[in-house]
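Engineer: sequence and predicted model, in that order:
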Amino acid sequence: RPALFAAVAASLLLNYFFTPPLYAFTIAERENLLALIVFVAVAAAVAAVVDLAARRTRQAAQASAEASTLAAVAGSVLRGDRPLTALLERLRETFGLESVTLLERRADVPGGPELQHDPAAWQIAACVGGRPCAFPGEGDVEVPVTGAGDPSNGGELALVLRGNPLDAGDRRIVEAFAAQAALALRQERLAEEAAAARPLAEADRMRTALLAAVSHDLRTPLASAKAAVTSLRDPGVSFSDDDRDELLATADESLDTLTRLVENL
């Protein structure tokens with residue numbers, strides 16, 4: 001608009017100072033009128049081209065900034081020990097926010113639009129900055145995220161920002177942050193579940209090793225006692241008194257060994 005205004009003002013000045021009759025806004029010749037019209041048309045076309053180029057430049061710069069921010073966000077999620085906290089802190093710093101809160105709907109509360117202003121229906125999954133928001137409607141910007149939280153409540157999450165209203169372009173970036181935050185929350189919970197299952201797996205490995213060792217230790221005296229008793233009961237074999245005493249002693253020692261092992265267990 002300023003360029004179009006300048007084009008019209010310049011054409012009027014050109015008419016006043018250089019087009020006969022001079023120092024008047026009248027035009028004596030038709031060719032001069034046509035020249036002024038062409039002058040205004042060219043000026044308007046140049047203004048439109050320059051404006052379009054400036055818009056494209058701003059859009060390219062904004063897209064580059066968004067890509068850089070999202071790349072940094074993805075890197076912080078992959079590298080950090082606490083990716084969710086690092087992600088929310090990055091979002092707060094990027095947009096100069098007072099606080100950023102990730103809310104999760106409680107599993108025992110059914111969904112509905114009226115829950116946006118019900119603090120009893122939400123619990124805080126993560127928060128950075130100042131005073132957190134207790135429900136989505138308490139913040140300046142709220143971005144819902146579905147399908148990424150606790151499956152028992154439908155995975156309903158909400159990223160709530162306090163301290164700075166955002167325009168449509170910034171909201172697109174926040175939506176990307178919200179999706180990354182949901183993934184980071186899921187990643188942290190999976191890591192917690194894996195950490196909780198690790199002692200159980202270790203105990204199971206120890207129990208398996210113990211059972212293998214016990215079965216090996218029990219098998220040897222049991223086999224000796226079984227062989228001695230089976231031999232003594234075989235009617236087709238005649239043993240001398242010394243052999244019989246030796247077999248009985250073997251069975252007795254083997255059973256004593258089994259008794260000690262059972263007592264130790």
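Structural biologist: Arrived safely, thanks for sending.
Engineer: now do the helix or strand hosting Arg260, average pLDDT.
Structural biologist: Assigned by DSSP states H and E, Arg260 falls within helix 241-264. Across helix 241-264, the average pLDDT comes to 89.
Engineer: what do you get for stretch 140-158?
Structural biologist: The model assigns stretch 140-158 a mean pLDDT of 72.
Engineer: how about the strands in the stretch 101-250 of the chain?
Structural biologist: 122-129, 141-145, 157-162 (DSSP state E, counting those that start in this stretch).
Engineer: deepest-packed of these, please.
Structural biologist: strand 157-162 (a mean of 26; mean count of other CB atoms under 10 Å). (Glycine included, C-beta is placed from N, CA and C.)
Engineer: any chance you could map the helices in the stretch 1-150 of the chain?
Structural biologist: Assigned by DSSP state H, counting those that start in this stretch, the helices in the stretch 1-150 of the chain fall at 2-18, 30-79, 83-95.
Engineer: quick one, which of these is packed in tightest?
Structural biologist: helix 83-95 comes out most buried of these by mean count of other CB under 10 Å, with a mean of 20.
Engineer: now it: mean pLDDT?
Structural biologist: The model assigns helix 83-95 a mean pLDDT of 83.
Engineer: looking at the strands of the stretch 101-250 of the chain, which is nearest to Ser231?
Structural biologist: strand 122-129 (71.4 Å; CB to CB).
Engineer: and the angle from that closest one to strand 157-162?
Structural biologist: 40 degrees (axes from the mean of the first three to the mean of the last three CA atoms, to 10 degrees).
Engineer: strand 122-129 vs helix 83-95, what angle?
Structural biologist: Using the same axes, to 10 degrees: strand 122-129 against helix 83-95 is 60 degrees.
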